[in-house]
Each structure stands twice: as C-alpha cells, then as structure tokens.
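Visitor: Let's see this in three dimensions:
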Amino acid sequence: MNLQQVEGMIKAELPDAQVQVQDLTGGGDHLQAIVVSSQFEGKTLVKQHQMVYRAVQEAMDSEAIHALALKTYTPQEWEAAGQIA
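Guide: Presented below is the predicted three-dimensional model:
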C-alpha cells in the first residue's frame, strides 16, 4: 500500500482533511499520519483517532498497515501550533 492510497482512504472518510502520511521504516507498513480536519471539533483525542482508524480499518485488518501513529488537529489547533493550513 502506498502513501497516496492511505491518504485517499483518510480523505474518503474525512473529505475536508489535510493529510500528510510518512513511512517511518521504509517498509510501507509502519506509518505516521498528520490529519487536520474541522470534523475533529469538539471531539476528544481518542474520538479523533478512532475516526481516522475507521478510515483505514480494512488496510489494518489485512495487515497492509501494521502500525499507524497519528497526530490529529482541528484547523485552529494546527494554526496555533504554528503550522500553515
């Protein structure tokens, strides 16, 4: 599974999301994703992560993705962190 496919899976679940996916090991199955979405507004960090995991559940079930580290932000949190939306 390539990084663009993972990004597409997340954007299918969270259409407004800005997504950055990185391969942490070079093997394509240990990934990190930074996801910025207004749909995270008012949700706990756990709920935000559950939303992203739901988007990639099939790939995780098949072990195409073995591990996925997440960093999730609302647009306001992303801006406050000094990032450019």
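Visitor: now the strands: where do they sit in the chain?
Guide: Along the chain, the segments classed as strands by DSSP state E run 18-23, 30-36, 67-73.
Visitor: what's in contact with the second one?
Guide: Yep, that's strand 30-36 we're talking about. With contact meaning CB atoms under 8 Å, 6 or more residues apart in numbering, strand 30-36 is reached by 3, 6-7, 10, 14, 17-24, 48, 52, 65-75, 78, 83, 85. Any C-beta I mention is one placed from the backbone N, CA and C, and that applies to glycine too.
Visitor: model confidence over it, on average?
Guide: Strand 30-36 shows a mean pLDDT of 97.
Visitor: what's the neighbour count on the nearest residue to Lys71 once chain neighbours are set aside?
Guide: Counting by CB to CB, 6 or more residues apart in numbering, Ile34 is the residue found nearest to Lys71 once chain neighbours are left out, at 4.7 Å. Residues within reach of Ile34, counting by other CB atoms under 10 Å, total 17.
Visitor: just the one 10 residues further on next, same as before
Guide: Applying other CB under 10 Å, we find 9 residues neighbouring Thr44.
Visitor: Can you name the residues that contact Tyr53?
Guide: Met60, Leu68, Leu70.
Visitor: any idea how far Gly28 is from it?
Guide: From Tyr53 across to Gly28, the span is 18 Å (CB to CB, to the nearest Å).
Visitor: shouldn't Gly28 be in contact with Met1?
Guide: Yes. The pair Gly28 / Met1 is scored as a contact, 6.3 Å apart, by CB atoms under 8 Å.
Visitor: shared neighbours, these two?
Guide: Here Gly28 and Met1 share no contacting residue, scored by CB under 8 Å, 6+ apart.
Visitor: excluding its backbone neighbours, what's nearest Ala55?
Guide: Glu13 is the one closest to Ala55 (CB to CB, 6+ apart), at 3.4 Å.
Visitor: hmm, I was thinking of Gln39
Guide: Leu14 (5.5 Å).
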